[in-house]
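> dropping the sequence and predicted coords here.
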Amino acid sequence: MLPTYSGGKPGDARSTAPVYSPLPGDVTWDTMSFISELKRRKVLRVAAIYIVSAWLSLQVADVLFPGWGVPDTAIRFVVYAAAAGFPLALLFAWMFDITPHGIRRTPRSDTHEATTLASRDYGLLVFLVLLFVAITWNFAHRVALTRSGIPEASIPVRVPNATLLAILPFHDESLDTEGAAFLANGVHRDLMTNVMKIASLGVIAPGSVEQYRDTRKPPSVIGRELAVSHILEGAVQRAGARVRVTLQLVKADSEVSIWAESYDRTLTADNLFEIQADIAEKVAIALQAAMTPAEKSRVQNPATEIFAAYEALARGYEAYDENNAVAMEEAMHWFRRALEIEPDFAHAHQAIGRLYGYASQFGALPPEEAFELAEISLRRAIELDPAIGPAYGWLAVIVRDRDGEFAKALDMLDTALANEPGNARIMHIKALTLRLLGRLEEAAPLYERAQRLDPLSLTVTESYGSFLRDTGRFEDAEQQYRRALALDPDFPSTWWGLGTLYWTKGQPAQALEWFGGAIDRSPYSDDFRAWLSLAQLEMGQADLAEESARQSLAALRGRKSTSVHYVLYLAALARGDDFTRWPDVRTMSGHTWLGGAMQLPGQTLMQLRFADALTEIEARVPGLDNADEALDFRNFREAVDAAIALERLGEEERSTQLLDRVDAFIATQRRIGFRGYWVEDARVAALRGDSDGAILALETAVAEGWRNLWWFYFEHDPALETVRADPRFQALHSVVAAEMRAESVTP
């Protein structure tokens, strides 16, 4: 029985129980003994020394990393390594002592002599050393991978170009003026625009140099990261009615200044533009880049003579760069203010047009209204200043995406690049336009140039991955997509792009994971949801595809979705159900792209209503019979459909003429990739009655990796009806079907 307290004082004979019973949370003598043991074993001393050493390591890394080309974000790996090593240090201190005679086991509290190590102690020491080495190696490896901000495996080998320049964001050194940062940013933006007008010079795009704002990295590191030969640094200081602009052009590898200049002027719009023009010309001279008379004229052309209008425009762009809905409203306020001050300010009209073009992305306006308002402002900008390059570029996007006028869009893009040949954004828009037309060889140098001038652009990096996917360069495409993930792991289009890559390679199970990731990051994208259902169709899971498509419609909360409805139509077709209960949405929209799915034959052709099908096709694609008009990516499949209908209607000559034109187009295209042109070879051969050629084309396609929409072509395509009973066709069908359905089996 435990003793109880019966009163009395300590030491009193009547006291038969402890004077004090500890309450929960109180420090007991056992706790104090433990703390004493920690002190005896020097654990607390080691902990203190370790914390101080870790703090010093962080300070050293913070100073040295920029000079070694390691980004600031790599500091976190020092923290991780220090945190991981802390318990190892405490464990070592508890169990061992370092004595003049070597490492000894710490003696127990009842003895004062350290004992020699037993075999198990050596095993523990080896384990601790190996664990320490593993932590150190992992730390060094992760730091190495961050040296240029992207995974090492994804870094292309780029040799610095002798006329490639990075203009770092200018410092605002104004001390007595509230909110003067807009001026430094405006001067920087306008100078970059001027340099973009010089064809023999190349300038890194604004988005890719923005990360170097207030950087502590030396020019040699920045030069290696951006693969540039020269770096221009500058500062702007506003003092009342005066402005000072100081600049220095540095050779990146040697960090030697080769040109410096200081401008001290009265703060007027004329003076600002004169300074910027003079800088552009002197930089060109320093880099031995020739300027044509037309380029010199464009560089010297001032945007406005009214400083208040210039200031409003600069403030608008400062808000615009924040890239959110609230900032966009503020940007619009300043752009409109610029027009109130100067109604014929072309650059303000251009800025408003560009802002309207993005309005639908922030939910501010429906796409149709946003495009209409954007077009009005952009055309007004061009009317006021025919040499305003970007306005042509943004207008080209509207003409291409809203009107489907690719030829007009390309003409506008050519005009834009003639005025600003170094504008990476416009290069990318033209490259993308050519890619959408299937003109991949023409798109390639533009993509490469845009990537070089804007290496840290998420949009360009992801889009270039899609280009590589389209050309069948699957390994390069995956590397490029993963490079985009390194720039921003939450950009949904990159997840979608990787999904389409695996879909193209015939790996729909992996594609599903990436499509799911895209949906997680953009839950209201109907196209991403449609792609997920399309991947399920690839695995022969028509019921599941329909279920997920219906779930998508529910998740979209009543929003109309051409792409998801089309998947429902395809799911019914795949199951052999009445697909006509779904509207033939492919006839309603030319802007949705599902890897060729939207260009499959329409309902009337699938129902073998050939006359109706031909009427629909001719209404949708006027002039398809015009032999003088070359087919392209937008209409060559319609031509095959029309050839099917004509052949079945007995008009074999017209059918053959169309097939000849299809052959002429697809002969210029790569045979594997996102588009799957080998399949078109098989379709054309089958329609010509060449069964051997059709089977050979299909066998080649399957061997090369084609799987896109395999179930439709093998099981439903009317063009392949004449070879469907061929044993070779059936054998190939069985192999692909078994392979694709095995994708749905989880190991």
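Alright, I've got the coordinates. Values in this document were obtained by computation on a predicted structure and should not be read as measured data.

> contacts only, for the residue positioned nearest the centre of the chain.
What sits nearest the mean C-alpha location of the chain, by CA atoms, centre = their mean, is Leu458, with 3.5 Å. Leu458 is in contact with Ala484, Leu487, Asp488, Phe491, Thr494, counting by CB atoms under 8 Å, 6 or more residues apart in numbering. Quick note: C-beta positions are derived from backbone N, CA and C, even for glycine.

> repeat that for Lys251.
Here Lys251 is in contact with Pro219, Ser229, His230, Ser257, Ile258 (criterion: CB under 8 Å, 6+ apart).

> shaky segments in the stretch 351-500 of the chain?
Where the stretch 351-500 of the chain drops to pLDDT under 70, the residues are 360-364.

> all helices for it, in order.
367-384, 389-401, 406-419, 424-436, 440-453, 458-470, 474-487, 492-504 (DSSP state H, counting those that start in this stretch).

> JSON lines please, covering those and showing distance to Asn626.
As requested, those are exported to JSON lines (distance: least, CB to CB, whole Å):
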{"stretch": "helix 367-384", "distance to Asn626": "29"}
{"stretch": "helix 389-401", "distance to Asn626": "22"}
{"stretch": "helix 406-419", "distance to Asn626": "15"}
{"stretch": "helix 424-436", "distance to Asn626": "22"}
{"stretch": "helix 440-453", "distance to Asn626": "23"}
{"stretch": "helix 458-470", "distance to Asn626": "27"}
{"stretch": "helix 474-487", "distance to Asn626": "36"}
{"stretch": "helix 492-504", "distance to Asn626": "33"}
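
> coming back round to it: just the buried ones from the contacts of Leu458?
Buried members of the contacts of Leu458, counted by 16 or more other CB atoms under 10 Å: Ala484, Leu487, Phe491, Thr494.

> quick check: the gap between the third one and Trp706.
This means Phe491. Distance from Phe491 to Trp706, counting by CB to CB, to the nearest Å: 28 Å.

> kindly report the same for the second one.
Separation of Leu487 from Trp706 (CB to CB) stands at 31 Å.

> what does Leu165 show for phi and psi?
According to degrees, to the nearest 10, the main-chain angles of Leu165 amount to phi -130, psi 140.

> what's the local residue count around it?
Residues near Leu165, counting by other CB atoms under 10 Å, number 26.

> what distance separates the start and the end of stretch 537-546?
9 Å (CA to CA, to the nearest Å).

> for it, give the mean pLDDT please.
Taken as a whole, stretch 537-546 has a mean pLDDT of 92.

> what comes up buried for it?
Leu537, Glu538, Met539, Gly540, Gln541, Ala542, Ala545, Glu546.

> ok, now stretch 164-181?
In stretch 164-181, the ones that count as buried by 16+ other CB under 10 Å are Leu164, Leu165, Ala166, Ile167, Leu168, Pro169, Phe170, His171, Asp172, Ser174, Ala180, Ala181.

> let's see it as CSV, backbone CA atoms only.
The C-alpha trace of stretch 164-181 is given here as CSV (Å, rounded to 0.1, in the frame of the first residue of the first chain):
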residue,chain,number,x,y,z
LEU,A,164,22.4,38.4,-77.9
LEU,A,165,21.7,40.9,-75.1
ALA,A,166,20.0,40.8,-71.8
ILE,A,167,18.7,44.2,-70.6
LEU,A,168,18.2,43.7,-66.8
PRO,A,169,15.3,45.5,-65.1
PHE,A,170,16.3,49.1,-64.3
HIS,A,171,16.8,50.2,-60.7
ASP,A,172,14.6,53.0,-59.4
GLU,A,173,16.9,55.3,-57.5
SER,A,174,14.4,58.1,-56.9
LEU,A,175,14.5,59.3,-53.3
ASP,A,176,12.1,62.2,-53.3
THR,A,177,9.2,61.0,-55.5
GLU,A,178,6.3,58.8,-54.5
GLY,A,179,5.7,55.9,-56.8
ALA,A,180,8.4,56.7,-59.3
ALA,A,181,9.1,53.0,-60.0
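
> can you give me the offset of that stretch from its chain's centre?
Taking CA atoms, centre = their mean, to the nearest Å, one finds the center of stretch 164-181 at 28 Å from the center of the full chain.

> next one: stretch 248-260
For stretch 248-260 - counting by CA atoms, centre = their mean - the centre lies 32 Å from the chain centre.

> can you give me the end-to-end span of that stretch?
Start and end residues of stretch 248-260 are separated by 4 Å (CA to CA).

> please apply the same query to stretch 722-729.
11 Å.

> quick one: the strands in the stretch 101-250 of the chain?
Secondary structure of the stretch 101-250 of the chain by DSSP state E, counting those that start in this stretch: the strands cover 102-105, 161-167, 171-172, 202-203, 228-239, 242-251.

> of those, which approaches Asp660 most closely?
Closest of these to Asp660 is strand 202-203, at 43.4 Å (criterion: CB to CB).

> contacts for the closest one, please.
Asn161, Thr163, Leu164, Leu165, Ala166, Ile167, Met192, Val195, Met196, Gly422, Arg452, Leu453.

> can you check stretch 619-630 too?
Residues from elsewhere that reach stretch 619-630 (CB under 8 Å, 6+ apart): 587, 617-618, 635, 638-639, 642, 654, 657-658, 661, 664-665.

> distance of Leu395 relative to Ile167?
Separation of Leu395 from Ile167 (CB to CB): 27 Å.

> ugh, wrong one, Leu732
Taken as CB to CB, the span from Leu732 to Ile167 is 57 Å.

> got it, and Trp582?
54 Å.

> about what we covered before: need the contacts of stretch 619-630 in JSON lines (columns: neighbour count).
JSON lines is the format used below for the contacts of stretch 619-630 (neighbours: other CB atoms under 10 Å):
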{"residue": "Thr587", "neighbour count": "15"}
{"residue": "Ile617", "neighbour count": "24"}
{"residue": "Glu618", "neighbour count": "15"}
{"residue": "Asn635", "neighbour count": "21"}
{"residue": "Glu638", "neighbour count": "21"}
{"residue": "Ala639", "neighbour count": "22"}
{"residue": "Ala642", "neighbour count": "27"}
{"residue": "Arg654", "neighbour count": "17"}
{"residue": "Gln657", "neighbour count": "16"}
{"residue": "Leu658", "neighbour count": "27"}
{"residue": "Arg661", "neighbour count": "21"}
{"residue": "Ala664", "neighbour count": "12"}
{"residue": "Phe665", "neighbour count": "18"}
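
> and those, which two are furthest apart?
Using CB to CB, the contacts of stretch 619-630 span at most 26.2 Å, a distance reached by Thr587 and Ala664.

> for Glu680, grab phi and psi.
Dihedral angles (degrees, to the nearest 10) for Glu680: phi -70, psi -30.

> once you drop chain neighbours, what's closest to it?
Ile666 (5.1 Å; CB to CB, 6 or more residues apart in numbering).

> tell me how far that neighbour lies from Asp543.
Counting by CB to CB, the gap from Ile666 to Asp543 is 34 Å.

> thinking again about what came up before, in this structure the residue nearest to Glu680 contacts Ala682, no?
No. Ile666 is not in contact with Ala682 according to CB atoms under 8 Å; the separation is 11.0 Å.
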